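A.B. asks: Provided below for reference: sequence and predicted model.
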Number of protein chains: 2
Amino acid sequence: MQVVIAKFEAIKRALIGEIEAGRWLEHQQIPSENALAARFGCSRMTARRALTELVEQGVLVRSQGLGTFVAPFRSQSSLLTIRNIADEIRERGHRHRAQLLALDACPADMETAIALGLAPQAPIYHSRLLHLDNDQPVQLEERYVNPILVPDYLQQSFQQQTPHEYLSSVAPLLQAHHQIEAIAPTPEQQRLLQLSHAEPCLRICRRTWSSLGAVSFARLLHPGSRFRLGGQLPLGNLSLEKEAP
Amino acid sequence: MQVVIAKFEAIKRALIGEIEAGRWLEHQQIPSENALAARFGCSRMTARRALTELVEQGVLVRSQGLGTFVAPFRSQSSLLTIRNIADEIRERGHRHRAQLLALDACPADMETAIALGLAPQAPIYHSRLLHLDNDQPVQLEERYVNPILVPDYLQQSFQQQTPHEYLSSVAPLLQAHHQIEAIAPTPEQQRLLQLSHAEPCLRICRRTWSSLGAVSFARLLHPGSRFRLGGQLPLGNLSLEKEAP
DNA sequence: GGTATAGTCTTGTCTATACAACCGGTGCGT
DNA sequence: ACGCACCGGTTGTATAGACAAGACTATACC
């Protein structure tokens, strides 16, 4: 039933209501924390909490000394989560298996060196894995690793743990950049992924950082016919979802 | 210099330190709010704020009556933001232009009806736009709109506002689902996007909801050679960035 | 006129306290 | 053996108040 809703929750809905009704426009200043506390008959801390959560949701923006304002709508971007391929496969109830195709040290090419913040030709570790979903190839993972931050990378077998999982455990990742694009596979990639023709592939380039610096640069290639990146994330959600039936 | 850092910020760093150092393991319970307040010599509210922010970052999980625990690492997924194409183009300093190719009402096909939660063959509004970056096609936008929630859709010209911007203004979007895949364009799509050959394309399927229900279903097709989806989002970051130099 | 200064309003941080809601165990009574 | 009430510990919500820090304005001074 959710008979009682928290005061700060009620205030959040009221504020969203003002915006949705058009009474508060983009960039417009809204009443101060003290004014809201008076209007809703609560303490400033409670009004403040409502504001804080709406700021986190991107509905409002605040600035010290100036006031609180309705955020510009155009900043409404949506988010897509990118997950570990092994987890995704297992959650579908399928069997995940990885073939280790290569694991060696090599000099960094230009793009990789830049991505990892190393000098060109600097020695880096490299791995190539093929991930299979019920024995069908779904991802060709080409990964380059900073040997200074992960010295034991070449000793791994990656049968129990994916490289991503291993790296997460030895160098907790703090930040990740992604680029996603559609490309045609090279003949070699086509052969490795067991594609009958040069079908479009989805390529995800991922760079990850730990607190000590750039850890890894990976190119993940997926056959377009066997892989789709799907995700969802609510935007201004938390406020309106557990309504009474 | 950032000479003084807030107390709750210092506590956050200390807690993250415990986790990164391995003293607090996955799923392990951490000291209670009162215990942390005593340890750090602050009030419970301050310790609580540090915990709250770490929970939002996915570092910790809490449950009322039970305690606070280190979040499982495997939930370390990364996020990718999907933005409005016009904003992206303008932020690159390029000129955005949209060609309205079609704007009509039609009966919903099966996939669209399901996506919008309507009956098959129900009347829906449909628009087809070509987005150009400096006069080069970068996105073919096929969009289906729920006519009940957006009755004035067919009266728009979409020259000043993209459909996404218009929909955001009339039915504030609360949630969005995305699917991303790599496909080969149909001959018609190839012609509209002015592609010299059937190059791989990136397709984004986006469903959006407002508080009143499913608003819109869009298929966004991008030539692989002219569009890359790039994003980054920090994970457990906010704690470690504004260190003194 | 231009520059300080003081004052006011805003948000940001922090404290101390109170009570509610929830979980797990303990022990009692049936 | 089973159910029930109770209790201590935990997180969740809310309050009232204090001071700091930033942005702006009005005033006084040179």
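C.D. replies: Received it, and whenever you're ready, just let me know what you need.
A.B. asks: how close does the nearest residue to A:Q194 once chain neighbours are set aside sit to A:S157?
C.D. replies: Sequence neighbours aside, A:P137 is the residue nearest to A:Q194 in space, at 5.4 Å (criterion: Cβ to Cβ, 6 or more residues apart in numbering or on different chains). Quick note: C-beta positions are derived from backbone N, CA and C, even for glycine. Using Cβ to Cβ, to the nearest Å, A:P137 is found at 19 Å from A:S157.
A.B. asks: Could you check which of the two has the larger neighbour count?
C.D. replies: A:P137 (19 against 10; other Cβ atoms under 10 Å in any protein chain shown).
A.B. asks: Spell out which parts of chain A neighbour DNA strand C.
C.D. replies: A:4, A:32-35, A:45, A:48, A:51-52, A:62-68 (Cβ under 7 Å from any atom of the strand).
A.B. asks: So which of the residues you listed sit within strands?
C.D. replies: Mapping the residues of chain A next to DNA strand C onto strands (DSSP state E) picks out A:62-63, A:67-68.
A.B. asks: Can you tell me the SS state at A:A119?
C.D. replies: coil (DSSP: H, G, I helix; E, B strand; the rest coil).
A.B. asks: so what's the residue lying closest to it once chain neighbours are set aside up against?
C.D. replies: Spatially, and ignoring its direct neighbours in sequence, A:A119 is nearest to A:A113 (6.3 Å; Cβ to Cβ, 6+ apart). Neighbouring residues of A:A113 by Cβ atoms under 8 Å, 6 or more residues apart in numbering or on different chains: A:119-122, A:124.
A.B. asks: same check, this time on A:D135
C.D. replies: Listed by Cβ under 8 Å, 6+ apart, the contact set of A:D135 reads A:95, A:97.
A.B. asks: tell me which parts of chain A are close to DNA strand D?
C.D. replies: So chain A meets DNA strand D at A:6-9, A:41-46, A:49, A:63-66 (Cβ under 7 Å from any atom of the strand).
A.B. asks: farthest pair in the residues you listed?
C.D. replies: Farthest-apart pair in the residues of chain A next to DNA strand D is A:A6 and A:G65; separation 28.9 Å (Cβ to Cβ).
A.B. asks: what's the domain layout of chain A?
C.D. replies: Each domain of chain A is listed here as a residue range: A:7-75, A:85-243, per automatic domain parsing.
A.B. asks: what's the burial count for the nearest residue to A:Q161 once chain neighbours are set aside?
C.D. replies: Distance criterion Cβ to Cβ, 6+ apart; nearest residue to A:Q161, sequence neighbours excluded, is A:S169 at 7.7 Å. If you count neighbours by other Cβ under 10 Å, A:S169 ends up with 11.
A.B. asks: Please, where are all the strands along chain A?
C.D. replies: A:29-30, A:60-63, A:67-70, A:78-82, A:96-107, A:123-133, A:136-145, A:175-183, A:201-210, A:213-223, A:229-234.
A.B. asks: Columns mean pLDDT on top of those, output as CSV?
C.D. replies: CSV is the format used below for the strands of chain A (pLDDT from 0 to 100):
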stretch, mean pLDDT
strand A:29-30, 91
strand A:60-63, 88
strand A:67-70, 89
strand A:78-82, 65
strand A:96-107, 94
strand A:123-133, 95
strand A:136-145, 95
strand A:175-183, 85
strand A:201-210, 88
strand A:213-223, 91
strand A:229-234, 56
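A.B. asks: Which among those strands is found nearest to B:G17?
C.D. replies: The nearest among these, by Cβ to Cβ, is strand A:201-210 at 13.8 Å.
A.B. asks: quick one: that closest one to strand B:201-210, angle?
C.D. replies: Angle, strand A:201-210 to strand B:201-210, by axes from the mean of the first three to the mean of the last three Cα atoms, to 10 degrees: 70 degrees.
A.B. asks: Tell me the confidence at the residue of chain A found nearest chain B?
C.D. replies: Closest residue of chain A to chain B, Cβ to the nearest Cβ: A:P200 (3.2 Å). pLDDT, A:P200: 96.
A.B. asks: pretty sure it is in contact with B:P185, am I right?
C.D. replies: No. When contacts are counted by Cβ atoms under 8 Å, A:P200 is not listed as touching B:P185 (9.0 Å).
A.B. asks: what sits in contact with each of those two?
C.D. replies: In contact with both A:P200 and B:P185: B:C201, using Cβ under 8 Å, 6+ apart.
A.B. asks: State the distance from the nearest residue to A:R62 once chain neighbours are set aside to DNA strand D.
C.D. replies: Leaving aside its chain neighbours, A:R62 sits nearest to A:T68 (4.7 Å; criterion: Cβ to Cβ, 6+ apart). Distance of A:T68 to DNA strand D, computed by Cβ to the nearest atom of the strand, to the nearest Å: 12 Å.
A.B. asks: A:A14 now?
C.D. replies: 13 Å.
A.B. asks: Out of the domains of chain A, which is the most enclosed?
C.D. replies: Most buried of these, by mean neighbour count (mean count of other Cβ atoms under 10 Å in any protein chain shown): domain A:85-243, with a mean of 17.
A.B. asks: Measure how far that domain is from the centre of its chain, please.
C.D. replies: Here domain A:85-243 is found 13 Å from its chain centre; the criterion is Cα atoms, centre = their mean, to the nearest Å.
A.B. asks: Same check on stretch A:51-63?
C.D. replies: Taking Cα atoms, centre = their mean, one finds stretch A:51-63 lying 21 Å from the centre of the chain it belongs to.
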